[in-house]
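Chemist: how would this look folded up:
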Amino acid sequence: MFGIGMQELIIIAVIALLIVGPRKLPDLAKTLGKGFSEFKKATEGITDDIKETIKEDKKQDDDEWKNSLLMKKPDTEENKPESSNNTSTHS
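Modeler: Sure, this is the predicted structure:
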């Protein structure tokens, strides 16, 4: 847990007990627990959003890669065939 051993945890608990006092220590521990829980939920939400974005980008990149391998050209105004109705003569 964050590279902290049992001895360090005991020292931190004793110092917290001396500073905060025995009456407020359970409330402090509960508040810290809720704070860490909310932080964990927020980071999981952000992680899920990032994973979803990466998945969408990868799928889009795969489609572009497949099109380039098949030598498909994207449909643009320049690549679309002209209609037979547009037969004007240049003078």
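Chemist: elements contacting the longest helix along the chain?
Modeler: Ranked by residue count and defined by DSSP state H, the top helix of the chain is helix 25-69. Taking 3 or more CB pairs under 8 Å, 6 or more residues apart in numbering; DSSP states H and E as contact, the helices and strands that helix 25-69 lies on are helix 6-20. Quick note: C-beta positions are derived from backbone N, CA and C, even for glycine.
Chemist: what's the distance between the helix it packs on and the middle of its chain?
Modeler: Between the centre of helix 6-20 and the centre of its chain there are 35 Å (CA atoms, centre = their mean, to the nearest Å).
Chemist: May I have that helix exported as CSV, CA atoms only?
Modeler: In CSV, the C-alpha atoms belonging to helix 6-20 read as follows (Å, rounded to 0.1, in the frame of the first residue of the first chain):
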residue,chain,number,x,y,z
MET,A,6,3.4,-1.9,9.0
GLN,A,7,5.9,0.0,11.2
GLU,A,8,5.3,3.3,9.3
LEU,A,9,1.5,2.8,9.6
ILE,A,10,1.8,2.3,13.3
ILE,A,11,3.9,5.5,13.7
ILE,A,12,1.4,7.5,11.5
ALA,A,13,-1.5,6.2,13.6
VAL,A,14,0.2,7.1,16.9
ILE,A,15,1.0,10.6,15.6
ALA,A,16,-2.6,11.1,14.4
LEU,A,17,-3.9,9.9,17.8
LEU,A,18,-1.7,12.4,19.6
ILE,A,19,-2.6,15.3,17.2
VAL,A,20,-6.4,14.7,16.7
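Chemist: mean confidence score for that helix?
Modeler: The average pLDDT within helix 6-20 is 87.
Chemist: low pLDDT regions in the chain?
Modeler: With pLDDT under 70 as the threshold, the chain has low-confidence stretches at 1-2, 69-91.
Chemist: And the residue positioned nearest the centre of the chain, how far from Lys30?
Modeler: What sits nearest the mean C-alpha location of the chain, by CA atoms, centre = their mean, is Ile50, with 2.0 Å. Using CB to CB, to the nearest Å, one gets 31 Å for the distance from Ile50 to Lys30.
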